[in-house]
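Asks: I'll drop the sequence and a predicted model, then ask my questions.
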Amino acid sequence: KFDLFRNFEVLLEQHFLKHWAVSDYAAALSITPTHLSRLTRAATGHAASHIILERIIREARRNLVYTNLPVSTIAYALGFSDPAYFSRLFAAATGLSPRRFRDKILHGG
(Lines give C-alpha, C1' and ligand atoms only; values in the text may rest on other atoms or scores of the structure.)
Protein backbone atom coordinates (compact mmCIF):
# COMPACT_ATOMS: atom_id res chain seq x y z
CA LYS A 1 0.00 0.00 0.00
CA PHE A 2 2.70 2.47 0.95
CA ASP A 3 4.58 1.84 -2.29
CA LEU A 4 1.46 2.58 -4.31
CA PHE A 5 0.91 5.82 -2.39
CA ARG A 6 4.56 6.77 -2.84
CA ASN A 7 4.24 6.08 -6.58
CA PHE A 8 1.14 8.29 -6.67
CA GLU A 9 3.14 11.10 -5.03
CA VAL A 10 5.90 10.72 -7.64
CA LEU A 11 3.36 10.81 -10.47
CA LEU A 12 1.66 13.83 -8.89
CA GLU A 13 4.94 15.76 -8.90
CA GLN A 14 5.47 14.87 -12.55
CA HIS A 15 1.97 15.59 -13.83
CA PHE A 16 0.07 18.05 -11.63
CA LEU A 17 0.67 20.89 -14.09
CA LYS A 18 -1.09 18.82 -16.76
CA HIS A 19 -4.21 18.68 -14.59
CA TRP A 20 -4.43 14.91 -14.62
CA ALA A 21 -7.70 13.61 -13.18
CA VAL A 22 -7.85 10.94 -10.49
CA SER A 23 -8.61 8.45 -13.27
CA ASP A 24 -5.36 9.38 -15.07
CA TYR A 25 -3.27 8.71 -11.96
CA ALA A 26 -5.18 5.50 -11.25
CA ALA A 27 -4.62 4.27 -14.82
CA ALA A 28 -0.90 5.04 -14.55
CA LEU A 29 -0.80 2.98 -11.35
CA SER A 30 -2.94 0.18 -12.85
CA ILE A 31 -5.64 0.54 -10.19
CA THR A 32 -9.18 1.93 -10.18
CA PRO A 33 -9.90 5.56 -9.23
CA THR A 34 -11.91 4.25 -6.26
CA HIS A 35 -8.95 2.20 -5.06
CA LEU A 36 -6.65 5.22 -5.43
CA SER A 37 -8.96 7.40 -3.36
CA ARG A 38 -9.24 4.67 -0.70
CA LEU A 39 -5.45 4.49 -0.64
CA THR A 40 -4.97 8.26 -0.30
CA ARG A 41 -7.68 8.45 2.36
CA ALA A 42 -5.94 5.74 4.38
CA ALA A 43 -2.59 7.52 4.05
CA THR A 44 -3.68 11.14 4.50
CA GLY A 45 -7.34 11.31 5.45
CA HIS A 46 -8.14 12.96 2.11
CA ALA A 47 -9.47 11.80 -1.25
CA ALA A 48 -7.09 11.72 -4.21
CA SER A 49 -8.88 14.66 -5.84
CA HIS A 50 -8.21 16.78 -2.74
CA ILE A 51 -4.51 15.87 -2.75
CA ILE A 52 -4.23 16.77 -6.44
CA LEU A 53 -5.90 20.15 -5.86
CA GLU A 54 -3.73 20.81 -2.80
CA ARG A 55 -0.59 20.23 -4.88
CA ILE A 56 -1.72 22.79 -7.44
CA ILE A 57 -2.62 25.28 -4.69
CA ARG A 58 0.76 24.74 -2.99
CA GLU A 59 2.51 25.60 -6.26
CA ALA A 60 0.27 28.65 -6.69
CA ARG A 61 1.16 29.86 -3.18
CA ARG A 62 4.85 29.37 -3.90
CA ASN A 63 4.58 31.38 -7.10
CA LEU A 64 2.60 34.15 -5.41
CA VAL A 65 5.13 34.50 -2.60
CA TYR A 66 8.43 33.99 -4.42
CA THR A 67 7.78 35.66 -7.78
CA ASN A 68 6.39 39.00 -8.89
CA LEU A 69 4.47 37.36 -11.73
CA PRO A 70 0.93 38.62 -12.32
CA VAL A 71 -1.82 36.30 -11.10
CA SER A 72 -2.92 35.63 -14.70
CA THR A 73 0.62 34.53 -15.65
CA ILE A 74 0.74 32.19 -12.66
CA ALA A 75 -2.66 30.78 -13.64
CA TYR A 76 -1.47 30.04 -17.18
CA ALA A 77 1.82 28.56 -15.88
CA LEU A 78 -0.22 26.22 -13.66
CA GLY A 79 -2.17 24.97 -16.66
CA PHE A 80 -5.35 27.01 -16.27
CA SER A 81 -6.84 28.47 -19.45
CA ASP A 82 -9.00 30.91 -17.45
CA PRO A 83 -7.31 33.09 -14.78
CA ALA A 84 -10.72 33.92 -13.27
CA TYR A 85 -11.42 30.22 -12.73
CA PHE A 86 -7.98 29.82 -11.15
CA SER A 87 -8.72 32.74 -8.81
CA ARG A 88 -12.07 31.22 -7.78
CA LEU A 89 -10.47 27.83 -7.15
CA PHE A 90 -7.63 29.41 -5.15
CA ALA A 91 -10.07 31.47 -3.08
CA ALA A 92 -12.24 28.42 -2.39
CA ALA A 93 -9.18 26.45 -1.24
CA THR A 94 -7.49 29.17 0.84
CA GLY A 95 -10.22 31.63 1.81
CA LEU A 96 -8.36 34.45 0.04
CA SER A 97 -8.06 35.62 -3.54
CA PRO A 98 -4.56 35.18 -5.02
CA ARG A 99 -3.91 38.94 -4.82
CA ARG A 100 -5.12 39.13 -1.23
CA PHE A 101 -3.01 36.07 -0.31
CA ARG A 102 0.11 37.68 -1.79
CA ASP A 103 -0.59 41.00 -0.10
CA LYS A 104 -1.17 39.34 3.28
CA ILE A 105 2.03 37.28 3.09
CA LEU A 106 4.26 40.05 1.76
CA HIS A 107 2.86 43.01 3.67
CA GLY A 108 1.08 41.47 6.61
CA GLY A 109 -2.15 42.93 5.18
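Replies: All right, it came through fine.
Asks: helices and strands around the top helix by length along the chain, which ones?
Replies: Determined from DSSP state H, the single longest helix within the chain is helix 48-66. Packed against helix 48-66 by the contact rule (3 or more CB pairs under 8 Å, 6 or more residues apart in numbering; DSSP states H and E) you find helix 2-15, helix 22-29, helix 33-44, helix 71-77, helix 83-94, helix 98-107. In short, each C-beta sits where N, CA and C put it, glycine included.
Asks: So for Ile57, which of the ones you listed sits nearest?
Replies: Minimum separation from Ile57 across those (CB to CB) falls at helix 83-94, 4.7 Å.
Asks: starting at the chain centroid, how far to that closest one?
Replies: In terms of CA atoms, centre = their mean, to the nearest Å, the centre of helix 83-94 is set 11 Å apart from its chain centre.
Asks: and it, average pLDDT?
Replies: For helix 83-94, the mean per-residue pLDDT is 97.
Asks: Can you mark which positions in it are buried?
Replies: Buried residues in helix 83-94, counted by 16 or more other CB atoms under 10 Å: Pro83, Phe86, Ser87, Leu89, Phe90, Ala93, Thr94.
Asks: And for stretch 60-80?
Replies: For stretch 60-80, a neighbour-count test (16+ other CB under 10 Å) marks Ala60, Arg61, Asn63, Leu64, Val71, Ile74, Ala75, Leu78, Phe80 as buried.
Asks: any weak-confidence spans in the protein?
Replies: Counting by pLDDT under 70, the ranges of the chain that qualify are 1, 109.
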